[in-house]
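1. Structure, please.
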Amino acid sequence: MQKIMFSERYGLEQAVLARFKNMTRREIKLPDYITHSDIWNPVMGIDDRGKVYFTFDCTDHLKRDIYPQYQIGEEVAIAQAYKELRWYVLSGILWGGIADEVTHSKGWNNKMFVKAEYMPHRIRITNIKVERLQNISGEDAMREGVFRYEKPPLNHEYDMFAPWAPYVRPYKWDRDNLIYRCTARDAFAYLIDKISGKGTWNINPWVFAYEFELLR
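-> Numbering: from 1, shown residues only. Coordinates of the predicted model:
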């Protein structure tokens, strides 16, 4: 089983577990000699093993078959540091006699090193599409973890949107210039630059857009 990570700092892991976020975009990794502007026209296909892939036209006149990391129908574990699940570890409910193993592993503090089979939460991939990052719709931005304020803050008279982060302390945000955005896409653009690195939105890479459902 594979695992997937969602940002804790920006509330996305919590949003998934609250069933508020059900979509995620992941940049397509390309060979060093190919850039995102070198490929276009993605067409979905299914190989003889039943795996979904996308064929791209490329500037070198060759077709490029690229497989997404996760497949439709696949169950994926939500990675969480063991210390965040210590009530499982210490009680032995989930892992039985291996609590000592996990408490002394790198995964205790860093979810990059946890084992997928030890994770209590799962999602199932329900659909995959390919698009440029900036082609995200307002509706998809909301599914990515952006919400609309029912009462716009700071006395604004127009709609305002922000990343969903109920467990993030307010001081981590610039309340005047960063968190509040006029559209859901604006809020997502700010969020993706924080998570994936400044300038990601402007680079506008090709991404796999995964739709999913929370299983538990």
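2. Longest helix in this protein, please.
-> Ordering each helix of the chain by length in residues (DSSP state H) puts helix 184-196 first.
3. List the contacts of Tyr33.
-> By Cβ atoms under 8 Å, 6 or more residues apart in numbering, the contact set of Tyr33 is empty. Quick note: C-beta positions are derived from backbone N, CA and C, even for glycine.
4. Report the secondary structure state of it.
-> What DSSP: H, G, I helix; E, B strand; the rest coil gives for Tyr33 is coil.
5. now Gly45
-> strand.
6. Could you verify my assumption that it touches Thr55?
-> Yes - between Gly45 and Thr55 there is a contact under Cβ atoms under 8 Å: 5.8 Å.
7. More neighbours: which of these two?
-> Between Gly45 and Thr55, Thr55 has the larger neighbour count (other Cβ atoms under 10 Å), namely 15 against 11.
8. check which helix or strand covers the more buried one.
-> Taking DSSP states H and E as the criterion, Thr55 maps to strand 52-58.
9. that older thread, overlap of the contact sets of Gly45 and Thr55?
-> Asp65.
10. Return the residues in contact with the residue nearest the centre of the chain.
-> The chain has Thr24 as the residue nearest its centroid, 3.8 Å off, counting by Cα atoms, centre = their mean. With contact set as Cβ under 8 Å, 6+ apart, Thr24 has these partners: Ile4, Phe6, Glu144, Ala209, Tyr210, Phe212.
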